[in-house]
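>>> 3D, please:
(one chain, ligands or ions: 2)
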Amino acid sequence: MSDLLESLGLVPFFIQQLPDLGLLQHRLGRVTSVQRSNYTVFTGSGEGRVEIASGLRQSSALDRPTVGDWVILDESLSRIEQVLERKTLFKRIGAGTNHEIQPIAANIDVLFIVSSCNEEFKESRLERYLTLCAEAGAMPVIVLTKADLVDDVDDYVRRARNTQAGIPVETANTLDASTLDGVRSWIDKHSTVALVGSSGVGKSTLVNTLAEQMLTATNDIREDDKKGRHTTTHRELHILPSGGLLVDVPGMRELRVADIDQSIGAVFEDIAKMAEECRFADCQHETEPGCAVLQAIEENKLDPRRLANYKKLQRENNLATATLAEKRAQGRAFAKAVKSGIDIKRKHR
Ligand SMILES: Nc1nc2c(ncn2[C@@H]2O[C@H](COP(=O)(O)OP(=O)(O)OP(=O)(O)O)[C@@H](O)[C@H]2O)c(=O)[nH]1
Ligand SMILES: [Zn+2]
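Residues are numbered from 1 along each chain as shown. Ligands and ions are numbered 1, 2, ... in the order given. Have a look, this model is predicted:
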């Protein structure tokens with residue numbers, strides 16, 4: 001296997017899916033950026049711009065390639081023929097008219113959920129990101145930045161640890177590389193990481209310090225296109241100089257709730273467990289008698305804020321699911337109306 005493929009994060013999970021190991025030579029690659037129907041793919045023989053085969057173009061949005069995907073190219077190395085099964089997938093509800101669920105980034109192993117030790121820090125925000133991370137199937141790590149600016153870092157760490165059982169929490173001054181050993185310990189040479197967090201918490205600074213200032217230099221590569229103009233290739237998957245990969249796509253920064261029903265239970269395991277003791281199986285933990293969750297709040301075993309956020313995320317998920325179903329029904333009705341319009345026209349001819 002080429003060193004390049006290895007440094008791109010190729011692991012047995014993907015190799016095992018190849019029908020023929022000969023594909024490793026030139027035809028297996030990883031998607032490093034997507035721009036409309038243009039895909040940049042890195043293979044063992046370097047970087048190339050490709051399109052997708054017509055079969056894939058007709059498949060649902062979720063099945064089409066996205067940044068981080070491992071793909072197989074056709075023999076002419078100009079089209080993506082197949083997308084390998086993904087380890088993890090971050091997705092969102094598309095902004096288009098049909099509200100399709102679209103992939104944002106695939107095969108991210110570790111998600112750094114970045115928050116700073118100041119007013120920006122909110123448990124509810126962390127819980128939201130944790131739920132989305134559980135939905136994607138990635139490993140979450142909370143990174144608390146600006147630790148150099150406060151005296152009570154331990155208090156932030158304690159609060160962050162309470163957002164999900166067993167969640168790792170690292171602290172950092174992102175301007176000082178010597179404080180990043182904890183963060184670095186989560187990045188091994190085959191792993192792909194991504195960051196989420198509010199504006200200003202230090203994501204870019206963290207990335208730049210991790211990459212020893214080299215990333216921004218390699219970020220955008222100017223090259224000549226066929227018409228002799230300068231174009232800028234923007235990569236969204238970067239190889240870190242110290243090994244490991246970083247996905248930086250705009251969509252990751254504004255993660256929104258979409259179909260997280262199962263994952264809410266994973267993050268709020270404590271509440272789910274308590275709810276098993278409620279008298280009524282469908283207890284909403286509002287005013288019901290014999291509610292074990294409300295009792296836990298009364299006994300100071302559960303933060304009322306956490307219960308409120310749990311309910312809020314559930315409501316949002318229900319709403320997103322309902323909106324999606326409604327839009328799809330509207331879409332079908334519209335398609336039917338158009339079709340019957342065509343039928344009517346035909347009859348009149
Ligand atoms: N003292 C201190 N300052 C920090 C730290 N992290 C970030 N900053 C500062 O906070 C400001 C915002 O940092 P950015 O890295 O731009 O934040 P960001 O999360 O990338 O923000 P967006 O690009 O808007 O999403 C900059 O002025 C940084 O120098 C830290 O750990 N300690
Ligand atoms: Zn209850």
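
>>> and this structure, what are its domains?
The record's domain parsing of the chain by automatic domain parsing lists 3-85, 106-253, 261-348.

>>> Enumerate the positions of the one helix or strand Tyr39 maps to that are buried.
According to DSSP states H and E, Tyr39 maps onto strand 38-43. By 16 or more other C-beta atoms under 10 Å, the buried positions in strand 38-43 come out as Tyr39, Thr40, Val41, Phe42, Thr43. Placement of C-beta: from N, CA and C, glycine included.

>>> chain center to that strand, what's the gap?
In this view, strand 38-43 has its centroid 20 Å away from the chain centroid, taken as C-alpha atoms, centre = their mean, to the nearest Å.

>>> in its sheet, what does that strand sit against?
In the sheet containing strand 38-43, its partner strands are strand 28-35 (antiparallel), strand 46-52 (antiparallel), by DSSP bridges.

>>> tell me the most buried of those?
Highest mean neighbour count among the strands paired with strand 38-43 (mean count of other C-beta atoms under 10 Å): strand 28-35, with a mean of 22.

>>> Put the alpha carbons of that one into PDB.
Extracted C-alpha coordinates of strand 28-35, given in PDB (Å, rounded to 0.1, in the frame of the first residue of the first chain):
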ATOM      1  CA  LEU A  28      -8.800   3.900  -4.700                       C
ATOM      2  CA  GLY A  29      -8.900   7.400  -3.400                       C
ATOM      3  CA  ARG A  30     -10.300   9.800  -0.700                       C
ATOM      4  CA  VAL A  31     -12.400  12.800  -1.500                       C
ATOM      5  CA  THR A  32     -10.700  16.000  -0.300                       C
ATOM      6  CA  SER A  33     -13.200  18.500  -1.600                       C
ATOM      7  CA  VAL A  34     -16.600  18.800  -3.200                       C
ATOM      8  CA  GLN A  35     -17.700  21.700  -5.300                       C
END
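
>>> what's in contact with the strand holding Tyr39?
Contacts with strand 38-43, where a contact means C-beta atoms under 8 Å, 6 or more residues apart in numbering, come from 4-5, 8, 26-34, 47-52, 65, 71, 73, 77, 80, 233, 235.

>>> So for it, mean pLDDT?
Average pLDDT, strand 38-43: 93.

>>> can you redo the domains of the chain as JSON lines with distance to Arg92?
As requested, the domains of the chain are exported to JSON lines (distance: least, C-beta to C-beta, whole Å):
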{"stretch": "domain 3-85", "distance to Arg92": "10"}
{"stretch": "domain 106-253", "distance to Arg92": "6"}
{"stretch": "domain 261-348", "distance to Arg92": "10"}
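
>>> Out of those, the one nearest ligand 1 is which?
Ligand 1 lies closest to domain 106-253 among the domains of the chain, at 2.7 Å (C-beta to the nearest ligand atom).

>>> so how far is the closest one off the chain centroid?
Offset of domain 106-253 from its chain centre (C-alpha atoms, centre = their mean): 12 Å.

>>> That domain near ligand 1 anywhere?
Yes. For domain 106-253 and ligand 1, the contact criterion (C-beta under 6 Å from any ligand atom) is met by 145-146, 148-149, 172-175, 197, 199-205.

>>> mean confidence for that domain?
pLDDT averaged over domain 106-253 gives 85.

>>> of all the residues in the stretch 151-300 of the chain, which ones are close to ligand 2?
Contact residues, the stretch 151-300 of the chain versus ligand 2 (C-beta under 5 Å from the ion): Cys278, Cys283, His285, Cys291, Val293.

>>> Just give the closest residue to the second one, not the sequence neighbours.
In this case it means Cys283. Cys291 (5.5 Å; C-beta to C-beta, 6 or more residues apart in numbering).

>>> Identify the bridge partners of the residue most central in space within the chain.
Among the residues of the chain, the one closest to the centroid is Phe90, at 3.3 Å (C-alpha atoms, centre = their mean). Phe90 has these beta-bridge partners by DSSP bridges: Ala105.

>>> Backbone dihedrals for Gly68, both of them.
With angles defined as degrees, to the nearest 10, Gly68 sits at phi 100, psi -10.
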